[in-house]
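Visitor: Return a 3D structure for these sequence lines:
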Amino acid sequence: MFNESLRSTDVRRIAVIGSGLAGLTAAIKLKQQNHDVTVFEKSRGPGGRLAAKRITDGSADIGAQYFTSRNPEFLPFLSEFAGDSSFAVWNGQFGFQDKEGQWQAFPDEPRYVGTPRMTAISRALSAHVTVVSETRIERLAPIEKDWILFDTNGQPVGEFDQVIITAPPAQTRDLLSQSDLPELAAQLDDAVSRVLPCWAVAAHFEENPWRHHEGMRCDHPELYWVANNSSKPDRKRSDVEDNGAWWVLHANAEWTERNVDTPPEQVTEKMIAAFRQLTGTEVAVTDTATHRWLYARSEGGANPGYLWFKEQGIGLAGDWLSGGRVEGAFDSACSLVSACMENAVSP
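Guide: This next block holds a predicted model:
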């Protein structure tokens, strides 16, 4: 199956697999080019790493904890398509532990969060494109110059000229393998090996157990990151009286790998005990929520920005291709769309 070169005026039918920030950015950018774009999402709603979990009287950010903006186009894009009310600066003290266990200050730069939760950004972005939810794409099948997408029930869900995949590298590799594209799948072997898992626990304390920082990168045998979720803007409901605080605890990759199949209740108990050891707090925990990320973040390796297989008309985008930060998903999607358009008008 081969895609021919296209004129810039041609309207393309493009499938985007995954409705995280990379997928939604790519879809919006392609729609701006007047292409017919459909986004497929395996879950009930968009989000990706911009994830939140329901808790008593609200939600807690269990995925990406914040994002920065170094690309001058990123915040204007969010303002235009998600709206200024969907994100805000997270003002607070942020620290990290050095090898001696002493707390040092994070670099001084604005840190942003979705309001009133991280998913507010992705949900607002998704309103600008067509999203087909609760549909996991299992394989692609060539038909003449196009691709037919099939879901996990073996049902065709559409015919497209091009396909953009924004799933984590392990899931992307599986999809390419199941689509009889072993050469493309093999190119992701190194990226798959560099994606790290993470157990996340949200815990409600009767009162704030630590007042020195709002977010902390830990040098600890179990914990990688802990943060006061209640300190983020618009997290506390005005109609609910609560003097306590929700904290989000992220385990480090090594501990998560050793405990990847440990029952969630045991993980919760161990991680709260580790947090008590880290902070010295004895404040009572009144509620918890736990989530296991098998593909939490990418570490090391090449950062090509995107992968575009022109001959097959398949592109890959995601933060794992562009440094691992939230903003990297935006950068990756923009770079891929530019590559698609440049190749479309090339002789």
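
Visitor: Could you pull out the buried residues of stretch 283-295?
Guide: Val283, Val285, Thr288, Ala289, Thr290, His291, Arg292, Trp293, Tyr295 (16 or more other Cβ atoms under 10 Å). In short, each C-beta sits where N, CA and C put it, glycine included.

Visitor: How about stretch 259-271?
Guide: Buried residues in stretch 259-271 (16+ other Cβ under 10 Å): Asn259, Thr262, Val267, Thr268, Lys270, Met271.

Visitor: Lowest-confidence one in the buried residues of stretch 283-295?
Guide: Among these, Tyr295 carries the lowest pLDDT, at 92.

Visitor: ok, it touching Gln171?
Guide: Yes. Applying Cβ atoms under 8 Å, one finds Tyr295 in contact with Gln171, separated by 7.3 Å.

Visitor: What residues does the closest residue to Gly101 other than its chain neighbours make contact with?
Guide: Sequence neighbours aside, Asp219 is the residue nearest to Gly101 in space, at 6.6 Å (criterion: Cβ to Cβ, 6 or more residues apart in numbering). Asp219 makes contact with Phe96, Gln97, Asp98, Lys99, Gly101, according to Cβ atoms under 8 Å, 6 or more residues apart in numbering.

Visitor: Filter those down to the buried ones, ChimeraX style.
Guide: The following ChimeraX line selects those of the contacts of Asp219 that are buried, judged by 16+ other Cβ under 10 Å:
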select :96,97
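
Visitor: So which of the contacts of Asp219 is the closest to Glu134?
Guide: Phe96 (38.9 Å; Cβ to Cβ).

Visitor: residue ranges with poor pLDDT in the stretch 151-300 of the chain?
Guide: Along the stretch 151-300 of the chain, the model assigns pLDDT under 70 to residues 238-239.

Visitor: again, only this time at 90
Guide: Residues of the stretch 151-300 of the chain that meet the criterion pLDDT under 90 lie in 236-243, 297-300.

Visitor: now the strands for it?
Guide: 156-160, 162-165, 195-205, 215-217, 223-228, 245-251, 285-298 (DSSP state E, counting those that start in this stretch).

Visitor: Just list what the next helix-or-strand element following the last one packs against, helices and strands only.
Guide: Tracing the chain C-terminally past strand 285-298 and defining elements by DSSP states H and E, one meets strand 307-309 next. Contacts of strand 307-309 with other secondary structure elements, assessed using 3 or more Cβ pairs under 8 Å, 6 or more residues apart in numbering; DSSP states H and E, are made with strand 314-316, helix 326-345.

Visitor: Go through those and name the closest to Asn91.
Guide: Among these, helix 326-345 sits nearest to Asn91 (Cβ to Cβ), with 18.2 Å.

Visitor: Quick check: bridge partners of Phe94?
Guide: Gly215 (DSSP bridges).

Visitor: Can you tell me how far it is from Gly63?
Guide: Taking Cβ to Cβ, to the nearest Å as the measure, Phe94 and Gly63 are separated by 18 Å.

Visitor: Comparing the two, which residue is more hemmed in?
Guide: Gly63 (23 against 19; other Cβ atoms under 10 Å).

Visitor: what number of residues lie near Lys310?
Guide: 17.

Visitor: same check, this time on Pro72
Guide: Neighbourhood size, Pro72 [other Cβ under 10 Å]: 7.

Visitor: What is the three-state secondary structure of it?
Guide: Assigned with DSSP: H, G, I helix; E, B strand; the rest coil, Pro72 falls in the coil class.

Visitor: And the helices in the stretch 51-200 of the chain?
Guide: 74-81, 119-126, 169-178, 182-186, 189-193 (DSSP state H, counting those that start in this stretch).

Visitor: Would you mind saying which of these lies nearest Gln33?
Guide: Nearest of these (Cβ to Cβ): helix 74-81, 14.8 Å.

Visitor: what helices or strands is that closest one leaning on?
Guide: helix 119-126, helix 326-345.

Visitor: Reformat those into TSV and put distance to Leu249, mean pLDDT and mean neighbour count next to each item.
Guide: Formatted as TSV, the helices and strands packed on helix 74-81 follow (distance: least, Cβ to Cβ, whole Å; pLDDT from 0 to 100; neighbours: other Cβ atoms under 10 Å):
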stretch	distance to Leu249	mean pLDDT	mean neighbour count
helix 119-126	20	98	23
helix 326-345	19	88	22
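
Visitor: out of these, nearest to Phe87?
Guide: Going by Cβ to Cβ, the one of the helices and strands packed on helix 74-81 nearest Phe87 is helix 119-126, 5.8 Å.

Visitor: tilt between that closest one and helix 326-345?
Guide: Helix 119-126 and helix 326-345 meet at an angle of 20 degrees, taking axes from the mean of the first three to the mean of the last three Cα atoms, to 10 degrees as the criterion.

Visitor: Hmm, Val89 is touching Tyr112, no?
Guide: Yes. With contact defined as Cβ under 8 Å, Val89 counts as touching Tyr112 (5.9 Å).

Visitor: Please say which of those two ends up with more neighbours.
Guide: Remark: of Val89 and Tyr112, Tyr112 carries more neighbours, 21 against 12, as counted by other Cβ under 10 Å.
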